[in-house]
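Chemist: sequence-free structure coming up:
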Ligand code: 26W
């Protein structure tokens, strides 16, 4: 094991820039890269701490990699491709990781610890190599070892495909939580789906989004381990038979039509500083062993293969929607498939020590539902306990209702899952019976007691929505069953209680609570921003990544020129690196001295990328009128995937690209404005963009963004938030100071009020500039020869009523941008604000979130390994 290297004082920031630059140095020549103008501030005196690397550890790592190259990968140093080198590096890491994993699991088994089981349809893990090396405290050693082998660690790590098994915020949150659970030593298992294809790869052709499959495992994933000993068989479909025993008691027997094999793949999640190693267990669907090949004669062989592929379709692809429920049969099957497999796994492990005595179950097992996607786990646990373990309905309910908790991540009505009853009848007939029973007990035992004879109330709170197509309301089932229901930021939790579930809150006033989201500082600061990490090492000591609050020590230096210069020098170097990436990805030259204004997140009307676009158009217009306008040069950077069927979202991407193309090539505005849309936004691209941002665009219509997490990552890396009082923005500016950010727009209450009588035409007709840019969309100025190509945006903003109040917030948004431009001219003031933002984000470490869950929801103790 590597000994910990003592810190020495050397120039860290320039070093960081060098590596960051190398990351992206692949195709373009250096000469073509962004014009490296003089830094805005003089290079600061080289003071940040850097790590002197242990020579013996380097030799050991080198030997291990070379050995794996030969004996695990089966190639030689001379022949090895970069991919092979990467695989060998992973194999070296795994030597240590598997040891730590075994220690963790032994400790938990020995103490029969209570554990949390995090059920999530998505885990957006991204790449693991740099993160695991960092958490093992081996990154510097590996970098040096590879360097001595003639390799650049960043280039080697670029070989790793992202594990994009999630859509956006919810999936990435689950990944950050796994990192924090492991780091904080909480016994846990993450359960999800082993999608063969993660979120689609986005290609941009002529400005338009095209979706391509993402086969992240095409050449195998060296981090995952298949566990055939834990395979589960999952029944599906068929019918329920009611049997009457001689004593007259009735019972239900489910005769499933099919059985699907669930194969677990384990991904070890390494805690920081070798704390514990958590397991992320992802289920892959296969044709069951019992699949009857014999019934097929020679001619049926092909049909048999076809039928086989149907069962294997279940884990084939991640649904790419992050806000609209499509109601597809396959999606419900996916949800049931991974929940059923996970619960069997939980029961199997529980019974190893408890031998089918369920009296301790709720004491030992906490289950967290990440949104409603795993709701089917509720009736499935009931079914397993009743049908397979012989418990009474009431006993099963007692256990189930003590085990589950539910996190809500969105208030958007179109995102709330409702499954047609006919789908349940077809796929899960026994689960439907159990749901009816739960609902009946709730309506008669609870609702009728509080609101006697109130049928309207019953209809409203029922798990079943009546109508032409009866539906199961998954959120209602979650709330009725769960011990605790939480939102993901203070304001959101308030709205969950007051607006989404007010009657339930009346019934159970203590059920509802808040856990504000967080992000892991290991990935989102330590690994992705080595320059800033080195500065924190020096100022806050070496433990800041375990205790992000200690970063607040930097705040004391926010007024000191030396630290301002160093902080902004680090930012500048990150911007140089991003400028290079931008050049490679979209061929646009951007000036690292310009203000980098970043909006990265899924594309959605409520997130209002089109508000940003309208402002950019107005700025362009102003610059055309006065090219010498006294404003800092600005680069607007977008990254966003649109759900494939979300036409308007795709139109907005097209419009951003059309405007970008025009603006970037217009010599009249003298390079003062650039717009880039970076294709295929994903975790690994976020890690390059976020450290380079000056401005963080968080401009959702107030009340619609549950929390946001890019707001936290950007602020942590020293970006100033230009945003609305929505989600976690409110809490962020609470810590960082409203004077260090640019808050604008309607509040939640003002949005509610305005929505009662909103008329976008009033804003259009009342603001000449706004009218001009909206009308511009109707011309062919940005789409030569194709007038009307951008008109759908205008149409939504006017004829379709502007559902997210873009026009109402436009003037205020523009004014916020002007404040930002003003502050940017004052380098010292800006640097101070950037430092304070970064230094006050301690509360937004996902460690804090996980401690909150452990204390308030899971009643979970951390276990030293
Ligand atoms: C059924 C289709 C569907 C799929 C995913 C509907 C809704 C979702 C997610 C709940 C959407 C999501 O990712 N929500 C985001 O969750 C983050 C983590 O809590 C928050 O930070 C974001 O504000 C929220 O939009």
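Modeler: Cool, got the structure. Since this is a predicted model, take the numbers as computed values, not measurements.
Chemist: so which bits of whichever helix or strand residue 110 is part of are buried?
Modeler: Using DSSP states H and E, the element containing residue 110 is helix 82-111. Neighbour-count burial for helix 82-111 flags 84-94, 96-97, 100-101, 104, 107-108 (criterion: 16 or more other CB atoms under 10 Å). All C-beta spots, glycine's among them, are computed from the backbone N, C-alpha and C.
Chemist: what residue in this protein is the furthest from its centre?
Modeler: Here the centre of the chain is the reference, and by CA atoms, centre = their mean the most remote residue is residue 246, at 54.3 Å.
Chemist: contact partners for the closest residue to the ligand within the chain?
Modeler: Proximity of the chain to the ligand (CB to the nearest ligand atom) peaks at residue 169, 2.8 Å away. By CB atoms under 8 Å, 6 or more residues apart in numbering, the contact set of residue 169 is 322, 409, 601, 602, 706, 707, 708, 709.
Chemist: these into a markdown table, with extra columns for secondary structure, pLDDT and distance to residue 375?
Modeler: Putting these into a markdown table (DSSP: H, G, I helix; E, B strand; the rest coil; pLDDT from 0 to 100; distance: CB to CB, whole Å) gives the following:
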| residue | secondary structure | pLDDT | distance to residue 375 |
| --- | --- | --- | --- |
| 322 | coil | 92 | 18 |
| 409 | coil | 98 | 13 |
| 601 | coil | 98 | 26 |
| 602 | coil | 98 | 22 |
| 706 | coil | 98 | 18 |
| 707 | coil | 98 | 21 |
| 708 | coil | 98 | 24 |
| 709 | coil | 99 | 23 |
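Chemist: mind checking what helix or strand follows the helix holding residue 110 in sequence?
Modeler: Heading C-terminal from helix 82-111 (DSSP H and E), you reach strand 115-119.
Chemist: so the helix holding residue 110 versus strand 115-119, what angle?
Modeler: Put simply, helix 82-111 runs at 140 degrees to strand 115-119, going by axes from the mean of the first three to the mean of the last three CA atoms, to 10 degrees.
Chemist: off-centre distance for helix 82-111?
Modeler: 24 Å (CA atoms, centre = their mean, to the nearest Å).
Chemist: what does stretch 626-639 contact?
Modeler: 578, 582, 590-591, 593-601, 609, 612, 616, 619, 622-623, 656, 668-678, 681, 685-686, 689, 693, 821, 824-825.
Chemist: check which helix or strand the residue farthest from the centre of the chain maps to.
Modeler: Using DSSP H and E, no helix or strand contains residue 246.
Chemist: same question, residue 643
Modeler: Using DSSP H and E, residue 643 sits in no helix or strand.
Chemist: next one, pLDDT for it please.
Modeler: We have a pLDDT of 98 for residue 643.
Chemist: tell me which residues of whatever helix or strand residue 654 lives in are tucked away?
Modeler: Element membership for residue 654, per DSSP H and E: helix 647-664. Burial within helix 647-664, assessed by neighbour count using 16+ other CB under 10 Å, is assigned to 648-664.
Chemist: of all the contacts of residue 169, which comes closest to residue 767?
Modeler: residue 601 (26.6 Å; CB to CB).
Chemist: how much space separates that closest one from residue 638?
Modeler: Between residue 601 and residue 638 the distance is 9 Å, computed by CB to CB, to the nearest Å.
Chemist: got the residues of this structure near the ligand?
Modeler: Residues of the chain that fall close to the ligand, judged by CB under 6 Å from any ligand atom: 167-170, 173, 321-325, 371, 409-410, 415, 417, 488, 517, 705-709, 727.
Chemist: are any of those buried, and if so which?
Modeler: For those, buried by 16+ other CB under 10 Å: 167-170, 173, 321-323, 325, 371, 409-410, 415, 417, 488, 517, 705-709, 727.
Chemist: please, which helix or strand holds residue 285?
Modeler: For residue 285, the element it lies in under DSSP H and E is strand 277-287.
Chemist: neighbouring strands - and their directions - for that strand?
Modeler: The pairing partners recorded for strand 277-287 under DSSP bridges are strand 188-193 (parallel), strand 258-270 (antiparallel).
Chemist: and the last one, how far from the chain's centre?
Modeler: What separates the centre of strand 258-270 from the centre of its chain is 21 Å, taken as CA atoms, centre = their mean.
Chemist: do the same with stretch 406-426
Modeler: Counting by CA atoms, centre = their mean, stretch 406-426 comes out at 20 Å from the chain centroid.
Chemist: just give the nearest non-adjacent residue to residue 417, would you?
Modeler: residue 474 (4.2 Å; CB to CB, 6 or more residues apart in numbering).
Chemist: ok, that neighbour - contacts?
Modeler: By CB under 8 Å, 6+ apart, residue 474 lies in contact with 372, 375, 416, 417, 418, 419.
Chemist: quick check: nearest residue in space to the second one, chain neighbours excluded?
Modeler: Looking back up the chat, that one is residue 375. residue 474 (4.2 Å).
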